[in-house]
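1. Let me see the structure of the following:
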Amino acid sequence: MFQPTFESLRTYQCPDWFRDAKFGIWSHWGPQSVPMCGDWYARNMYVEGSPQYLYHIRHYGHPSQFGYKDICRLWKAENFHPEQLMELYKKAGARYFVAQAMHHDHFFNYATRLNRFNSVDVGPHKDICRMWKDAADTMGLPFGLTEHLAASFSWWNTNKGADQYGPYAGVPYDGNDPEYRDFYYDNQEHVIKDGTPGARAPWLTSNQAFHRYWLDCVKELIETFHPDLLYSDSSLPFEGSNYQPGLEAVACLYNDSIARNGENKAVYTQKGRDGNIYRVGVLDVEKSQLPGIAQEPWQTDTCIGNWFYDAKQPFKKPGHIIEMLVDIISKNGTMLLNVLQRPDGSIDEETRYILKELSKWFSVCAEGVYATRPWRVFGEGDTRVLIQGFTEEKTSWNDSDYRFVTKNGALYAFLMHAPESRVTVIKSLTPQEHVRSVEVLGTGSVPFSQAFGVLTVQLPQELPTPYTNCLKICFS
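-> Numbers count the residues shown, from 1 in each chain. Here you go, the predicted structure:
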């Protein structure tokens, strides 16, 4: 059993199911999807002059009269059919599924004794997380949960403000209403004293009472759902307490898994890059990647568009998602992809198209994805993914670019850009590595030659997928 200490938790070993899965789908969904106006709505609707504030006052009214608590009551999830969605997600390649337990908005997507603003008592009157878990269990997918609660106490300082201009100047927003202080928090310590609109308080509060509340909530989450994965949208909580609440939560997660499985099969992910911190679990990198092969498994969390449904936001195209996935797994990583839902729980036509294209690609290239491990180098060629926080531009690959993984003695080489000549050259092999056969996944064996380690392969004119293709190289 694990103790809630760094010394104990740094003995953690990532379970094989996560190392093998490579691709998961996430439902980053809740009341903030109701306006279909993007991420951080619950915060920015209280930031005077911001686009979401302007949207709010022109669609719902002033936040002193119609606040976020009222948005929560509008969320109905009336077309939420998790079994149908889970079937689509598994066909689209997902080998684990993650649901959002609560965002920074302090609304819980499950039945809880700790917060009256939850999806069973307010809004949908459905236990969203339980429905997701049942669907994941039916499809045989490991089930995870994300908690964004640790940052919410300081993040939501904006609900304590008031307009500085206009007909409601000086009228307090509804976050000041004592009837709802349990929901909106007694977080006046994080209110900016100079009146600067929208200024961000420290990401994780030092408030000890909130630390205890966070730990109680996370323990309840673990005891209720026994998740295979738990994600914190922060570094390990909380630095001001020497991370003790976070250490206790992680130990609780792992020990719960041991009690049920006889060994720990749970994964905890968080975003702190300090090796003393992230080794208690798995490092998570939000909307970015690592530059090379990491010794330990890690995860990228990303989305097809905005974090919450945004009617204005373009979506990533299937080829872009696939190229990101391939680059990530070549570096010992895993991709967790947020598939956006509308407030009623449905997905739109473009999202269905993306999932269909992913399904077709995995039907060709799955062998080169699942249960693979990084090779001695992650790739070949001069092109690199731009690594710049929260930047996910599509990379301009060329004919010389490959990404490598290995499994059962075979080398899988992903062609990041198939050459027009249909002759491809791989230079990363040594003269001692004698190639016995080469095949294009989805097509079969193809002609090749090898001299001084350099491998030249003749590709078919018609490749099996319009996206990233993969060679399977076997050795003598």
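2. Might you list the low-confidence residue ranges for the stretch 201-350 of the chain?
-> Along the stretch 201-350 of the chain, no part satisfies pLDDT under 70.
3. Could I get the contacting residues of the most centrally placed residue in the chain?
-> Relative to the mean C-alpha position of the chain, the nearest C-alpha, by C-alpha atoms, centre = their mean, is the one of Asp301, at 3.0 Å. Asp301 is in contact with Trp26, Tyr231, Asp284, Val285, Glu286, Lys287, Leu336, Asn338, counting by C-beta atoms under 8 Å, 6 or more residues apart in numbering. Placement of C-beta: from N, CA and C, glycine included.
4. so it bridges to which residues?
-> Note on Asp301: beta-bridge partners Glu286, Leu336, judged by DSSP bridges.
5. start at 34 instead
-> Yep, numbering from 34; the last one is Asp334 now.
6. Now do it against Lys304, distance only.
-> Using C-beta to C-beta, to the nearest Å, one gets 9 Å for the distance from Asp334 to Lys304.
7. picking up where we left off before, now the contacts of Asp334: which count as buried?
-> Trp59, Tyr264, Asp317, Val318, Leu369, Asn371 (16 or more other C-beta atoms under 10 Å).
8. can I get the residues you listed in TSV with distance to Thr405?
-> TSV is the format used below for the buried ones among the contacts of Asp334 (distance: C-beta to C-beta, whole Å):
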residue	distance to Thr405
Trp59	22
Tyr264	23
Asp317	20
Val318	19
Leu369	17
Asn371	23
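9. quick revisit: can you pull the residues that touch both of Asp334 and Lys304?
-> Asp317, Val318, Glu319.
10. Distance check, the last one against Thr498.
-> Put plainly, it is Glu319. Using C-beta to C-beta, we find Glu319 at a distance of 28 Å from Thr498.
11. same thing with Gln46?
-> Distance, Gln46 to Thr498, using C-beta to C-beta: 35 Å.
12. Between these two, point out the one with more neighbours.
-> Counted by other C-beta atoms under 10 Å, Gln46 and Thr498 do not tie: Thr498 has more neighbours, with 21 against 9.
13. just the contacts of Asp334 now: which is nearest Trp408?
-> Taking C-beta to C-beta as the measure, Trp408 lies nearest Val318 of those, at 20.7 Å.
14. dump the residue contacts of the residue nearest to that closest one when sequence neighbours are not counted.
-> Leaving aside its sequence neighbours, Val318 sits nearest to Thr333 (C-beta to C-beta, 6 or more residues apart in numbering; 5.1 Å). Thr333 is in contact with Asp317, Val318, Glu319, Lys320, Ser321, Gln322, Met357, Ile361, Gly366, Thr367, Met368, Leu369, counting by C-beta under 8 Å, 6+ apart.
15. Where do the helices of the stretch 184-333 of the chain begin and end?
-> 185-188, 214-217, 241-258, 277-294, 308-311 (DSSP state H, counting those that start in this stretch).
16. Not counting sequence-adjacent ones, nearest residue to Pro96?
-> In space, and not counting its chain neighbours, Pro96 is closest to Tyr206: 4.6 Å by C-beta to C-beta, 6+ apart.
17. how deep is that neighbour tucked in, by neighbour count?
-> Residues lying near Tyr206 (other C-beta under 10 Å) number 23.
18. How about the contacts made by it?
-> Tyr79, Pro96, Ser97, Gly100, Thr191, Asn192, Lys193, Gly194, Ala195.
19. Could you rerun that using 10 Å?
-> Neighbouring residues of Tyr206 by C-beta atoms under 10 Å, 6 or more residues apart in numbering: 78-79, 81, 95-98, 100-101, 191-196, 217.
20. For it, give me the pLDDT.
-> Note for Tyr206: predicted pLDDT of 98.
21. Could you give the backbone dihedrals for it?
-> phi -70, psi 160 (degrees, to the nearest 10).
22. Next: the one 4 residues further on.
-> With angles defined as degrees, to the nearest 10, Asp210 sits at phi -70, psi 120.
23. go on, Cys503?
-> phi -140, psi 130.
24. Touching, it and Val359? I think so.
-> Yes - here Cys503 reaches Val359: they are 8.3 Å apart, a contact under C-beta atoms under 10 Å.
25. Identify the contacts common to these two.
-> Common contacts of Cys503 and Val359 (C-beta under 10 Å, 6+ apart): Cys398, Gly401, Val402, Tyr435, Arg436, Val438, Tyr445, Phe447, Leu448.
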